[in-house]
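In: Based on what follows, work out the 3D shape:
(chains A and B)
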Number of protein chains: 2
Amino acid sequence: MEAIAFLAPDQKVLDRRDHIIADLADLLPKERLIHRKTQLVPFETDGFVAYRRMPLCVALPETTAQVAAVMKYCHRYKIPVVPRGAGTSLSGGAIGQEDAVILGLSAMTRILDIDFMNRTATVQAGVTNLSISDAVGHEGFFYAPDPSSQLACTIGGNIGMNSGGAHCLKYGVTTNNLLGVKMVLVDGTVIELGGKALDSAGYDLLGLICGSEGQLGIVTEATVRLLAKPEGARPVLFGFDSAESAGNCVADIIGAGIVPVAIEFMDREAIAICEAFAKAGYPMDAEALLIVEVEGSDAEMDAMLADICDIARAHGVKTVRESQSATEAALIWKGRKSAFGATGRIADYICMDGTVPLSQLAYVLKKTSEITDSYGLRVANVFHAGDGNMHPLILYNINDPEDAARAEAAGMEILKLCVDAGGCLTGEHGVGIEKRDLMRHQFSEADLAQQMAARAAFDPDWLLNPSKVFPLEGR
Amino acid sequence: MEAIAFLAPDQKVLDRRDHIIADLADLLPKERLIHRKTQLVPFETDGFVAYRRMPLCVALPETTAQVAAVMKYCHRYKIPVVPRGAGTSLSGGAIGQEDAVILGLSAMTRILDIDFMNRTATVQAGVTNLSISDAVGHEGFFYAPDPSSQLACTIGGNIGMNSGGAHCLKYGVTTNNLLGVKMVLVDGTVIELGGKALDSAGYDLLGLICGSEGQLGIVTEATVRLLAKPEGARPVLFGFDSAESAGNCVADIIGAGIVPVAIEFMDREAIAICEAFAKAGYPMDAEALLIVEVEGSDAEMDAMLADICDIARAHGVKTVRESQSATEAALIWKGRKSAFGATGRIADYICMDGTVPLSQLAYVLKKTSEITDSYGLRVANVFHAGDGNMHPLILYNINDPEDAARAEAAGMEILKLCVDAGGCLTGEHGVGIEKRDLMRHQFSEADLAQQMAARAAFDPDWLLNPSKVFPLEGR
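Out: This is a model prediction of the structure:
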């Protein structure tokens, strides 16, 4: 893949590297500053593995006060800072560069407060997504957003990218489940936004922070909403003999006002890949598979599934299979959740992340195939269909530069297709560096100028995660 | 009540009043500029009737282009602009002043697009809240946020104040149901935020706009989410012999993970007032009444109500009465929704709007009584208990300046109490001018400075609704 442009590193910062490292070491506990080249290698890239940049150093504070001290120092000397959680970003959001300090939150792993009466949990930013649910499960609660990387990814990273997941169809994405944050501003000032109460006076800065990809401040603590676990849950497989029928079935389910907890879509390529890996019992003769999960009491699930089956039959569904046990249900989800890993076993791939109105699902799937065909590439589609969040996985060979360039070009065409169909060039993976230059396709100059003005209200010197989100030229 | 401070009117603008009116008249259709004093009287105040200020004039554009023309003109000559929907604001958000143009959106009443497949409606900002539901009801859909003023209030005003309503416990407030806006910036530039797709790339400016009280731009069009009407709905009355028991019952219902569509609370004073007006059959011997509404199929409602009744019995409920018919259900809601009007028949009142964590409900109710007792005032509590959004109505005599001052002082103490209990000084009515000076009680100087910096990124000259939200001194 061709080298993506970053901002030119600041020579003054590069020249003072040793000095900066010595200063930062004074602000952090022993061994919480990583600066030797060999130790920095794991921080060269993130889940967007196509690009690598070596950072200046990595700071791993344990407290908000230490984060504030690092920010105050970096702000005084105009040193760029890139916040990072577990580094699972798929859009390059956590990649630094030679003049930038990576501020890793992964050592801030304390759960500070669990309040069952108000259904909230307050945690440090480095707590992993799944460990919140683990900490409250014994009382029958859970934290809803469930990115596929939930075992590893942190709540701070989830906030930065406004992460979603398969079950966000019913429960919403991170912004819908976030009640408050403690945040360190670029100059080291600590502010609090939101809290346990359902509303906050003044502007909704909390909502603005969520999804701002670490450019407005460093979130160090988060208060999130806990939900009661449903009485039961049942995934059902629906096999169709065309992607179009499956896409239209999804649109009709949602159009009828039915909201299952998840509607996941796999095309033939994805079914084959996942079934080979997980042996989940997916129908191998289907062109498209829907995994529809409903929740509630048995009576509620029966009633909702009856309506869903009626709609599926109207679209000529070929196979309907309800999971008969918790084991089988887990296996169905294992197949889906391991889709990216299973794909990685057979080929290199880039995972696109676009969102389209449901009425456009079938059309966009058809055009996606046409685009990848025209580049001579294979594509596997496995995605959150219920909220129109598509994930075409474009298969290619990372060691063949021409193949990689073709994959990248096909990906960009697909994202433009999503925008042109009335959708958006990202669903839950963020803009990062990957889609930075496509922002012009989505937004007018006036739109971008206003977004950048909002950014400048927090970070006038563009020190926070500076190479991301906005096109480099025209700032 | 003592005169509330506004910014001093700009003398240069006052001196050019006739000139400005003539210029604005050129930008608008005939009779869409109101400037004669007698015609301006209805625009002197809003739902926060305690204060009156005459505006310079009122512009009533019919299109986004006309709004943009007015903004471009006012921006060039640095004329303050106060956006206004139906003028139902309870915090003074739509009151202007002598040097300000009121930009009324009430003539922009066109429904532009209804898309049942994607479950969205796109409407001009002056469309009333209820008329969205009216326009889609025949297909079984509705727009969820339901402020008591929904017959009159506009979607633009709802966005400005991030309005809620009784049924927001389940469905969320405006920000949870808003998908996109078209907005005119202070200099007349038109931008679009969000859209029919579920996510948007870049920062969540849409969330920031929602609840920004008209200070960041003029919303001219909104795309909102439509929901499917439930199969059935059933309100149930629960009478308790103490406010504390009722408050703890609410906390336990929510704490158990049960989410009815609404939990409304009335104390003895409010029960008497509403029953006298609506003859809704409320239990007159109760110290506190909960109206709990559940939705779904009969089986679902039965199951949820059984759980709720168990909890209510554990708190010693005295009366349980399910509505037996649609007529009876409508009557129960009529009593609740007319609470403010019914109160106005017996006394003047100010309606406070604070939010508290549910675990603090019983405590805050008790302290509220103590505060009003100490001022020798009566209070009626009628509010959205399920989301902790309290509405103490403090009764007083508007023609007795001392009584009015006492009511205002008691109200401020109650809001501080909400903040000190871990809550917030506004739930759904906004800050406006009413709670502007309490913002310092909720927020640190760093918090406020960052909010004002965000504002300045949109409106560096503070032309939009300038006297609102932030304390006047210290800007």
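In: alpha carbons only for contacts and neighbour counts from here, please
Out: Noted.
In: What strands flank the helix or strand where A:Gly239 lies, and is each parallel or antiparallel?
Out: In the assignment (DSSP states H and E), A:Gly239 maps to strand A:233-240. Strand A:233-240 has its sheet partners listed here by DSSP bridges as strand A:288-295 (antiparallel), strand A:319-322 (antiparallel).
In: any residues touching that strand, and which ones?
Out: Around strand A:233-240, the neighbours that count as contacts under Cα atoms under 8 Å, 6 or more residues apart in numbering or on different chains are A:246, A:282-283, A:286-296, A:301, A:312, A:316-323, A:329, A:332.
In: One more: stretch A:40-59?
Out: Contact partners of stretch A:40-59, identified using Cα under 8 Å, 6+ apart, comprise A:1, A:3-4, A:14, A:17, A:21, A:24, A:28, A:32-36, A:87-104.
In: A:Leu169 sits in which helix or strand?
Out: Assigned by DSSP H and E, A:Leu169 falls in helix A:168-171.
In: Contacts for that helix next, please.
Out: Contacts of helix A:168-171 (Cα under 8 Å, 6+ apart): A:144-146, A:259-263, A:384, A:386-387.
In: Could you identify the most distant pair in the residues you listed?
Out: Maximum pairwise distance in the contacts of helix A:168-171, criterion Cα to Cα, is 17.2 Å, between A:Asp146 and A:Val259.
In: Name the residue in these two with the higher neighbour count.
Out: Shown here are A:Asp146 and A:Val259; by other Cα atoms under 10 Å in any protein chain shown, A:Asp146 has more neighbours (22 against 19).
In: if I read this right, that one contacts A:Asn129, doesn't it?
Out: Yes - A:Asp146 is within contact range of A:Asn129, at 7.5 Å (criterion: Cα atoms under 8 Å).
In: mind listing the helices for the stretch 51-200 of chain A?
Out: Remark: helices assigned in the stretch 51-200 of chain A by DSSP state H, counting those that start in this stretch are A:64-76, A:129-136, A:155-161, A:168-171.
In: Let me see the mean pLDDT of the first one.
Out: For helix A:64-76, the per-residue pLDDT values average out at 98.
In: got the CA coordinates for it in PDB?
Out: C-alpha atoms of helix A:64-76 as PDB (Å, rounded to 0.1, in the frame of the first residue of the first chain):
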ATOM      1  CA  THR A  64      -5.600  11.200  36.200                       C
ATOM      2  CA  ALA A  65      -3.100  13.400  37.900                       C
ATOM      3  CA  GLN A  66      -0.300  11.700  36.000                       C
ATOM      4  CA  VAL A  67      -2.100  12.200  32.700                       C
ATOM      5  CA  ALA A  68      -2.600  15.800  33.600                       C
ATOM      6  CA  ALA A  69       1.100  16.200  34.400                       C
ATOM      7  CA  VAL A  70       2.100  14.600  31.000                       C
ATOM      8  CA  MET A  71      -0.400  16.800  29.100                       C
ATOM      9  CA  LYS A  72       0.700  20.000  30.900                       C
ATOM     10  CA  TYR A  73       4.300  19.200  30.000                       C
ATOM     11  CA  CYS A  74       3.600  18.300  26.400                       C
ATOM     12  CA  HIS A  75       1.400  21.400  26.000                       C
ATOM     13  CA  ARG A  76       4.100  23.700  27.300                       C
END
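In: Using JSON lines, lay out the helices of the stretch 51-200 of chain A together with mean neighbour count.
Out: Shown next, in JSON lines, are the helices of the stretch 51-200 of chain A (neighbours: other Cα atoms under 10 Å in any protein chain shown):
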{"stretch": "helix A:64-76", "mean neighbour count": "21"}
{"stretch": "helix A:129-136", "mean neighbour count": "19"}
{"stretch": "helix A:155-161", "mean neighbour count": "30"}
{"stretch": "helix A:168-171", "mean neighbour count": "20"}
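In: if I look at A:His429, how far off is A:Val469?
Out: A:His429 sits 12 Å away from A:Val469, going by Cα to Cα, to the nearest Å.
In: Any residues of the stretch 351-475 of chain A in contact with chain B? List them.
Out: Contacts of the stretch 351-475 of chain A with chain B, taken as Cα under 8 Å from any Cα of the partner chain, map to A:355-359, A:387-388, A:422-428, A:430-431, A:439, A:444, A:446-447, A:450-451, A:453-454, A:456-458, A:469.
In: Could you tell me which of those count as buried?
Out: Buried members of those, scored by 16 or more other Cα atoms under 10 Å in any protein chain shown, are A:355-359, A:387-388, A:423-428, A:430-431, A:439, A:447, A:450-451, A:453-454, A:456-458, A:469.
In: out of those residues, which are inside helices?
Out: Counting by DSSP state H, these place A:439, A:447, A:450-451, A:453-454, A:456-458 in helices.
In: now the helices of the stretch 51-200 of chain A in CSV, with distance to A:Ile308?
Out: Output for the helices of the stretch 51-200 of chain A, formatted as CSV (distance: least, Cα to Cα, whole Å):
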stretch, distance to A:Ile308
helix A:64-76, 48
helix A:129-136, 29
helix A:155-161, 31
helix A:168-171, 15
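In: Compare those and give me the one nearest B:Lys367.
Out: Comparing the helices of the stretch 51-200 of chain A by Cα to Cα, helix A:129-136 comes nearest, at 32.1 Å.
In: quick one: average confidence on that closest one?
Out: In this model, helix A:129-136 carries a mean pLDDT of 97.
In: Tell me the helices and strands packed up against that helix.
Out: strand A:141-142 (3 or more Cα pairs under 8 Å, 6 or more residues apart in numbering or on different chains; DSSP states H and E).
In: Contact residues of the stretch 201-350 of chain A facing chain B?
Out: Contact residues (Cα under 8 Å from any Cα) of the stretch 201-350 of chain A with chain B: A:201-205, A:207-212, A:227-229, A:251-252, A:254-258, A:299-300.
In: what about burial for those, which qualify?
Out: For these, a burial check counting by 16+ other Cα under 10 Å picks out A:201-205, A:207-212, A:227-229, A:251-252, A:254-257, A:300.
In: Looking at the residues you listed, which are in strands?
Out: Using DSSP state E, A:227-228 are the members of those that sit in strands.
In: Of the buried ones among the residues of the stretch 201-350 of chain A next to chain B, which belong to helices?
Out: Per DSSP H, these map to helices at A:205, A:207-209, A:251-252, A:254-255, A:300.
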